[in-house]
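Enquirer: Let me see the structure of the following:
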Amino acid sequence: MPRRDPGPACAAAGPVLAGILAARPAEDVLRCAFAEAQRRDVALHVLLAGPASAAGEEILVRDLVDRWAEKYPAVPVTVSVRHDVDAAITLTGASRRCGLVVVAEPADSHDAAVVQALSRRARCPLMIVAPDQGHGAVLSA
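Expert: So this is what the prediction gives:
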């Protein structure tokens with residue numbers, strides 16, 4: 001699939017963005033995102049959007065972030081939650097300030113639509129992480 005030039009808005013040395021759409025695949029996304037942030041020597045921003053922003057899911061994801069942050073103490077990490085805006089719009093907007101976006105391989109049609117929109121509109125490379133494998137494929141933006 002041909003990709004457009006991300007132009008000057010791409011922050012190649014910007015932080016890694018972990019886009020969390022649901023708590024279930026969050027562990028795999030965080031594993032890859034923390035490793036990439038450390039490898040690139042940049043910060044990590046974890047953004048909960050869509051169903052992951054619900055209160056119960058948020059608590060689970062924050063606990064996972066805390067555990068991974070202990071394993072990667074050199075990686076500065078921030079967490080934010082967006083309930084009020086569509087997940088695709090939220091992640092696309094956040095991609096403008098990042099060097100890489102990491103998301104889980106879609107598990108359902110909603111997540112597939114979000115990842116497809118993100119793959120078309122992200123302003124930086126997108127890494128899609130396969131479940132339980134701890135690695136992802138990078139699609140350049």
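
Enquirer: going forward, measure contacts between C-alpha atoms and count neighbours the same way
Expert: Will do.

Enquirer: Quick one: the helices in the protein, in order.
Expert: For the chain, helices defined by DSSP state H occupy the ranges 26-40, 55-71, 87-95, 109-121.

Enquirer: quick one: which of those is nearest Val16?
Expert: Closest to Val16 of those, according to CA to CA: helix 26-40, at 5.7 Å.

Enquirer: residues in contact with the closest one?
Expert: 13, 15-20, 43-44, 61, 64-65, 68-69, 72, 74-75, 102-104, 129-136 (CA atoms under 8 Å, 6 or more residues apart in numbering).

Enquirer: Go again with 7 Å.
Expert: 16, 18, 20, 43-44, 61, 64, 72, 75, 102-104, 129, 131-132, 134-135 (CA atoms under 7 Å, 6 or more residues apart in numbering).

Enquirer: Which members of these are positioned in strands?
Expert: Under the assignment DSSP state E, the contacts of helix 26-40 contribute 16, 18, 20, 44, 102-104, 129 to strands.

Enquirer: Closest to Val115 out of these?
Expert: Val103 (7.7 Å).

Enquirer: Kindly tell me how buried that closest one is, as a neighbour count.
Expert: For Val103, the neighbour count with other CA atoms under 10 Å is 27.

Enquirer: In contact with it, which residues?
Expert: Listed by CA under 7 Å, 6+ apart, the contact partners of Val103 are 18-20, 29, 127-129.
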